[in-house]
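Peer 1: one predicted model, sequence on top.
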Amino acid sequence: MSIEVKNISKSYGAQKALDNISFAVKKGEIVGFLGPNGAGKSTLMKILTTYISADEGEAIVNGNDVITNPKAVQKSVGYLPEHNPLYLDLYVREYLAFNADVYKVAKSRIDEVIILTGLTPESHKKIGQLSKGYRQRVGLATALLHNPDVLILDEPTTGLDPNQLVEIRDLIKNIGKDKTVFLSTHIMQEVEAICDRVIIINQGKIVADKKLDVLISVNDEQIIEVEFDYKIEEEAVAKIPHLKSYKNTHDFVWELTFVSDKDMRPAVFDFAHDNGLKTLQLNQKNKNLESIFREMTKN
Ligand code: ADP
Ligand code: MG
């Protein structure tokens, strides 16, 4: 296991930020830690990276206990904090060299992380001159300097514009090919884009811990968009088995919502055929993970 969290609780005064949290992350997994603001994501990440300690429970990273062996934990973990603190007056290389000294990393590694994070075209600039996307790359490069096995990234794409967002997601996916990645986000699409698995936290408690495909399939609702070649009466459509609801979105296009654990596309195709219609398009739409997330985190 790369990360083991056992019965962790943490309060700030009367505020319970984490309430008996347990989970484990296997080596090589990319896990999304998803929850609304204030759910406790950053608190857990600070515990895993030895910045703060839990009130109760145990956290083990790469086989090392965060309390009894913090140095070993720091060696095997790369951390991108939520508000990626950078020295804006330093040049990219200067900043990385400063951190390489702190981590006692060979200077040759600086060029490696610059290439790895796509910083090359901006590497001669001051950090203050960089866009938010490139600043995040500097943060990632810093986290990668000592070539850690585990990456802990706290909301790595928050505040990025859509292009930067896609670039940073791709970069994380790429880095994640040979590392364990534990990243927090409050955006469901982020998890869909990057992760194999999602752990959902709400008000300090874990409310779901599932592989992405399993999470999708527990919700046995299925939306099929179909386009026929001609008009069909609503009464006829309503008779398709397992149908929960239907909507004629435009022209001869219908959105059909089924509750079934089997693929309903063949049934829709047969229905068209039985009614003398041709099927021009038939798409099974992605189940709406955003709505699953909202269900699980509503207070
Ligand atoms: P998230 O990262 O999911 O937004 P946090 O872990 O930052 O959540 O915060 C969890 C809860 O703990 C929130 O209610 C937050 O206000 C509170 N909290 C976090 N840090 C502190 C702190 N240093 N002092 C007091 N309360 C805090
Ligand atoms: Mg946070």
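Peer 2: Cool, got the structure. Residues are numbered from 1 along each chain as shown. Ligands and ions are numbered 1, 2, ... in the order given.
Peer 1: so how far is the strand or helix carrying residue 75 from its chain's centroid?
Peer 2: Following DSSP states H and E, one finds residue 75 within helix 70-76. Offset of helix 70-76 from its chain centre (CA atoms, centre = their mean, to the nearest Å): 24 Å.
Peer 1: could I get the average pLDDT for whichever helix or strand comes after that helix?
Peer 2: Counting by DSSP H and E, the next helix or strand C-terminal to helix 70-76 is strand 77-80. When pLDDT is averaged over strand 77-80, the result is 96.
Peer 1: what's the helix or strand following strand 77-80 in contact with?
Peer 2: Once the chain leaves strand 77-80, the next helix or strand it forms, by DSSP H and E, is helix 92-103. Around helix 92-103, the neighbours that count as contacts under CB atoms under 8 Å, 6 or more residues apart in numbering are 86-87, 90, 105-107, 109-110, 113-114, 119, 122-127, 130, 138, 141-142, 145-146. All C-beta atoms are positioned from the backbone trio N, CA, C, and that covers glycine.
Peer 1: how about the helix holding residue 75: buried residues?
Peer 2: The neighbour-count check on helix 70-76 (16 or more other CB atoms under 10 Å) flags 70, 72, 73, 74, 75, 76 as buried.
Peer 1: would you list those in TSV and tack on distance to ligand 2?
Peer 2: Formatted as TSV, those follow (distance: CB to the ion, whole Å):
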residue	distance to ligand 2
70	21
72	25
73	20
74	20
75	24
76	22
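Peer 1: out of these, what pair is the most spread apart?
Peer 2: Pairwise distances across the buried residues of helix 70-76 peak at 11.2 Å for 70 and 76 (criterion: CB to CB).
Peer 1: for the closest residue to ligand 2 within the stretch 51-200 of the chain, grab phi and psi.
Peer 2: Ligand 2 sits closest to residue 82 of the stretch 51-200 of the chain, with a gap of 4.8 Å, by CB to the ion. Backbone geometry at residue 82, expressed as degrees, to the nearest 10, gives phi -60, psi -50.
Peer 1: counting neighbours, what do you get for it?
Peer 2: 15 (other CB atoms under 10 Å).
Peer 1: nearest spatial neighbour of it, skipping sequence neighbours?
Peer 2: With CB to CB, 6 or more residues apart in numbering as the criterion, residue 82 has its nearest non-adjacent residue at 4.1 Å, and that residue is residue 154.
Peer 1: what does residue 56 give?
Peer 2: In space, residue 56 is closest to residue 9, 4.4 Å off (CB to CB, 6+ apart).
Peer 1: go on, residue 46?
Peer 2: Leaving aside its chain neighbours, residue 46 sits nearest to residue 52 (4.5 Å; criterion: CB to CB, 6+ apart).
Peer 1: next, that neighbour: secondary structure please.
Peer 2: coil (DSSP: H, G, I helix; E, B strand; the rest coil).
Peer 1: contacts only, for it.
Peer 2: Residue 52 touches 10, 43, 46, counting by CB under 8 Å, 6+ apart.
Peer 1: anything in the strand or helix carrying the last one near ligand 2?
Peer 2: Which is residue 46. Using DSSP H and E, residue 46 falls within helix 41-48. Yes - using CB under 5 Å from the ion, helix 41-48 reaches ligand 2 at 41, 42.
Peer 1: same question for stretch 15-32.
Peer 2: No - Stretch 15-32 lies apart from ligand 2 when judged by CB under 5 Å from the ion; the minimum separation is 10.3 Å.
Peer 1: now do stretch 156-173
Peer 2: No - for stretch 156-173 and ligand 2, the contact criterion (CB under 5 Å from the ion) is not met; the two come no nearer than 8.8 Å.
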